[in-house]
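**Student:** with the sequence up front, the predicted model follows.
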Amino acid sequence: MSDSTSAVPTFGAKLAAEGFGTFLLVFGGVGTALFASNLYTEPAPNAAVYSAVALAFGLTVVVGAYAFGPISGGHFNPAVTLGAAAAGRIGWKDVLPYIVAQVVGGAVASTLLFLIGQFGPDGWLTGAQNAGFASNGFDELSPGGFGLGSAIIAEVILTAIFLFVILGTTHSKRGTPFAGLAIGLTLTLIHLISIPVDNTSVNPARSIAAAIYGGVGPLSQLWVFLVFPIVGALIAGFAYKALFDSTKKA
């Protein structure tokens, strides 16, 4: 009889965990952005909405990290997967299947949100889609009117910060059992900083999921939220490996 304590999840289980975890993140985070924003009325409800959305994204990552992290590593984000590969945490051969699972999980979540909207109040779904369906954007699609340069800088820097926290808290020798909490709080902070700038991506799967139903504008700007979170993640992954994973003999 094999020792169950030495058993490791199958690759299929890892992909399922990534899909479910990304589903949770999009359904919880984008869902809050869609539904909570329609519960507030004028004047100026933005601060309350931003806080609710930031907490929703952070909490979904905390829950997902503890529920699915032990199975797959709890990436739920193509940028995190690529950054982890750059840091040597996972093999490059696993990157594409992880990303496919994440994108599928996110798309299923946004599709179900769309279906919920189909049965909502008259005009709700049309209004949500006209507003971009909680997609990311810049210029006229930015909540605060910020331009392309602002979105690029924010996505690169904040995704890199996110990866540094993830890689540090999940390190095999220096990590912490509270990694999921630290990562979730970091994502909350990132959203509090950048929702006004570009509605916060740092996650291409989340951006794809929302843009599918956001219309021509969000789809035309989607490339920014695919490219620059990945740039930030790769910078952080390679930098972390070079700066913090070098060792010496005691």
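**Tutor:** Perfect, thanks for sending it. Numbers count the residues shown, from 1 in each chain.

**Student:** CA atoms for contacts and neighbours, from now on please.
**Tutor:** Noted.

**Student:** number of nearby residues for Lys173?
**Tutor:** 8 (other Cα atoms under 10 Å).

**Student:** ugh, wrong one, I meant Gly214
**Tutor:** Neighbour count for Gly214, taken as other Cα under 10 Å: 20.

**Student:** mind checking how far it is from Asn130?
**Tutor:** According to Cα to Cα, to the nearest Å, Gly214 and Asn130 sit 7 Å apart.

**Student:** so where does Thr111 fall, helix or strand?
**Tutor:** In this structure, Thr111 sits in helix 95-118 according to DSSP states H and E.

**Student:** quick one: contacts of that helix?
**Tutor:** 15-16, 18-27, 30-31, 76-78, 81-82, 85, 124-125, 205-206, 208-210, 212-213 (Cα atoms under 8 Å, 6 or more residues apart in numbering).

**Student:** one more: stretch 29-40?
**Tutor:** Defining contact as Cα under 8 Å, 6+ apart, one finds that stretch 29-40 is touched by 45, 49, 52-54, 56-57, 60, 110, 113, 128, 133-134, 210.

**Student:** quick revisit: which is the succeeding secondary structure element to the helix holding Thr111?
**Tutor:** For helix 95-118, the following helix or strand on the C-terminal side (DSSP H and E) is helix 124-130.

**Student:** which strands and helices sit next to that following helix?
**Tutor:** Applying 3 or more Cα pairs under 8 Å, 6 or more residues apart in numbering; DSSP states H and E, one finds that helix 124-130 contacts helix 95-118.

**Student:** show me which residues of the helix it packs on are buried.
**Tutor:** Under the neighbour-count criterion of 16 or more other Cα atoms under 10 Å, helix 95-118 has 95, 98-111, 113-114, 117 buried.

**Student:** just give the nearest non-adjacent residue to the most centrally placed residue in the chain, would you?
**Tutor:** Centroid-nearest residue in the chain, with Cα atoms, centre = their mean: Asn203, separated by 3.9 Å. Among residues not flanking Asn203 along the chain, Asn77 sits closest, at 5.3 Å (Cα to Cα, 6 or more residues apart in numbering).

**Student:** mind showing which ranges of this structure have poor pLDDT?
**Tutor:** Applying pLDDT under 70 to the chain picks out residues 1-6, 38-47, 248-250.

**Student:** again, only using 50
**Tutor:** 1-4, 39-43 (pLDDT under 50).

**Student:** buried stuff in the longest helix anywhere in the chain?
**Tutor:** In terms of residue count, the longest helix belonging to the chain (DSSP state H) is helix 216-244. Going by neighbour count (16+ other Cα under 10 Å), the buried part of helix 216-244 is 217-219, 221-222, 224-226, 228-241.

**Student:** what's the answer for stretch 162-180, then?
**Tutor:** Going by 16+ other Cα under 10 Å, stretch 162-180 has these buried residues: Phe162, Leu163, Phe164, Val165, Ile166, Leu167, Gly168, Thr169, Thr170, Ala179, Gly180.

**Student:** now the nearest residue to Gly64 once chain neighbours are set aside: how far from Pro143?
**Tutor:** Nearest residue to Gly64 in three dimensions, chain neighbours excluded: Gly21, at 5.3 Å (Cα to Cα, 6+ apart). Separation of Gly21 from Pro143 (Cα to Cα): 27 Å.
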